[in-house]
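Student: pasted the sequence and its predicted model underneath.
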Amino acid sequence: MLSDADLIWHEGSFSFFEFSGDQPPFQSVEGTLAFVRDGEVWSVLKPSASDLEENFTVFSFHFPEGVDNSGFVGWVATHLKRHLGTGVFVICGQNSRRGGIFDYWGIPLQMRNAAQSLIDALR
């Protein structure tokens, strides 16, 4: 199943930036991967060149249409936690033309090479 997925490792580092929840911060969309709101703030995941924020490496999976990937997020997150000792964040989206649900995964930037090796071994 995992070998059927389209896996992309996004270049650079990414961070979450907070904006007031009053208005969507859509004026700064260049390079943005996700906008998420909790009622108080907008949290925007976008490229970062600063060491002042917590920086992440981001990779994404798109599965072909018809592939049952239920349980996938929990399985891979548990595997990464066991082998790397770190948690992950996962943000999901929908693209009907590319099989449906897709996932952006984030882990601490300094763990990119180790995570790539683990994901490659799983594939």
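Tutor: Happy to help now that I have it.
Student: in the top helix by length along the chain, what's buried?
Tutor: Longest helix in the chain by number of residues, with DSSP state H as the criterion: helix 72-84. The neighbour-count check on helix 72-84 (16 or more other C-beta atoms under 10 Å) flags 72-73, 76-77, 80, 84 as buried. Just so you know, the C-beta spots here come from the backbone N, C-alpha and C atoms, and that holds for glycine as well.
Student: show me the shaky parts of this structure.
Tutor: Scanning the chain for pLDDT under 70 picks out the ranges 1.
Student: repeat that with 50
Tutor: Of all residues in the chain, none has pLDDT under 50.
Student: the longest strand in it is where?
Tutor: For the chain, the strand with the greatest residue count under DSSP state E is strand 6-20.
Student: flag every buried residue along it.
Tutor: Neighbour counts using 16+ other C-beta under 10 Å place 10, 13-17, 19 of strand 6-20 among the buried residues.
Student: which parts of stretch 79-99 are buried?
Tutor: The neighbour-count check on stretch 79-99 (16+ other C-beta under 10 Å) flags 80, 84, 88, 91, 99 as buried.
Student: start to end distance for it?
Tutor: When the termini of stretch 79-99 are compared using C-alpha to C-alpha, to the nearest Å, they are 24 Å apart.
Student: then stretch 43-56?
Tutor: End-to-end span of stretch 43-56 (C-alpha to C-alpha): 15 Å.
Student: show the contacting residues for the nearest residue to His83 once chain neighbours are set aside.
Tutor: With C-beta to C-beta, 6 or more residues apart in numbering as the measure, Leu118 is the residue that lies nearest to His83, at 5.5 Å, once sequence neighbours are left out. By C-beta atoms under 8 Å, 6 or more residues apart in numbering, Leu118 lies in contact with 79-80, 83-84.
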